[in-house]
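**Q** Curious how this folds, go ahead:
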Amino acid sequence: MNPKTSEFSKAIERICAGSPDAVWEFIESYGPHIQRVVRRRLNHSMRSKFDSGDFVQMVWASFFANPSQIAKFKEPDQLIKYLVSMARNKVVEETRRRLKYQQHNVRKEFSYEFNATSRSTADRNQDTPSAIAIARERWRSMMHSQSDRDQQVVRLRISGVTYVEIGKRLGIHERTARQVIAELSDVG
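**A** Below is the predicted model:
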């Protein structure tokens, strides 16, 4: 037995024994294989509804739901093929559901201009804790990828500062501040 296979077998044993550390190591090691397949297969019109991470989580949830299945894997390549196949199937299944059936057809959707200040207090109070956590994580992720200047533009704009004033404070043109916000609006 080669060292890689032996290490893999030990990881499987630890997972089956219930080690959370082993699970996280496993996810970090094999998650990128799932992510790559999802990103390649996810239909462009579905990207407004799903992040590739949603499918990765679905795959892991299904995988870890059946501990007896986990113990059957003897080699990393065997596991990777299984996870890739599972990811592909989940993407195809959801794509069919969202594009084929009228009830969930994303092709029939259109966006409205959304004004965050127009949401009523009752609407804000109905946000679930998980929705808030997801929004915070997406916010952190989006802001992390921005330059310091762009982060300052966003923070100032959120606090109600005008584009002209942002330009003066940061030594940039007001159109630059508007462009930063417009580009981030397109991402979100």
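**Q** Excluding residues flanking it in the chain, which one is nearest the spatially most central residue of the chain?
**A** By CA atoms, centre = their mean, the chain has its centre lying nearest to residue 53, at 3.6 Å. Leaving aside its sequence neighbours, residue 53 sits nearest to residue 35 (CB to CB, 6 or more residues apart in numbering; 7.7 Å). Bear in mind the C-beta positions are built from the backbone N, C-alpha and C, glycine included.
**Q** any idea whether that neighbour is helix, strand or coil?
**A** helix (DSSP: H, G, I helix; E, B strand; the rest coil).
**Q** what number of residues lie near it?
**A** A count of neighbours around residue 35, defined by other CB atoms under 10 Å, yields 16.
**Q** before we move on, the earlier item: for the residue nearest to the centre of the chain, what is the enclosing helix or strand?
**A** Take DSSP states H and E as the rule and residue 53 turns out to sit in helix 52-64.
**Q** Now do that helix, average pLDDT.
**A** Mean per-residue pLDDT for helix 52-64: 82.
**Q** how about it: buried residues?
**A** 52, 53, 55, 56, 58, 59, 60, 63 (16 or more other CB atoms under 10 Å).
**Q** Go ahead and confirm the first one touches residue 32.
**A** No - between residue 52 and residue 32 there is no contact, the gap being 11.0 Å when judged by CB atoms under 8 Å.
**Q** Outline the domain layout of the protein.
**A** Using automatic domain parsing, the domain ranges for the chain come out as 3-107, 130-187.
**Q** quick one: the shortest one to chain centroid distance?
**A** Read that as domain 130-187. 20 Å (CA atoms, centre = their mean, to the nearest Å).
**Q** the bottom helix or strand of this structure by mean pLDDT?
**A** Of all the helices and strands that make up the chain, the one with the lowest confidence by mean pLDDT, DSSP states H and E is helix 121-125; it has a mean of 49.
**Q** Let me know the angle separating the following helix or strand past that helix from helix 52-64.
**A** Per DSSP H and E, the first helix or strand lying C-terminal to helix 121-125 is helix 129-144. Going by axes from the mean of the first three to the mean of the last three CA atoms, to 10 degrees, helix 129-144 is angled at 130 degrees with respect to helix 52-64.
**Q** mind saving the C-alpha coords of helix 129-144 as CSV?
**A** As requested, the backbone C-alpha atoms of helix 129-144 are provided in CSV (Å, rounded to 0.1, in the frame of the first residue of the first chain):
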residue,chain,number,x,y,z
PRO,A,129,-30.5,34.3,11.0
SER,A,130,-29.1,32.1,8.3
ALA,A,131,-30.0,34.7,5.6
ILE,A,132,-28.3,37.4,7.7
ALA,A,133,-25.2,35.2,8.1
ILE,A,134,-25.1,34.4,4.4
ALA,A,135,-25.4,38.1,3.6
ARG,A,136,-22.7,39.0,6.0
GLU,A,137,-20.3,36.4,4.5
ARG,A,138,-21.0,37.6,1.0
TRP,A,139,-20.4,41.2,2.1
ARG,A,140,-17.1,40.2,3.7
SER,A,141,-16.1,38.2,0.6
MET,A,142,-17.0,41.0,-1.8
MET,A,143,-15.3,43.7,0.3
HIS,A,144,-12.2,41.6,0.8
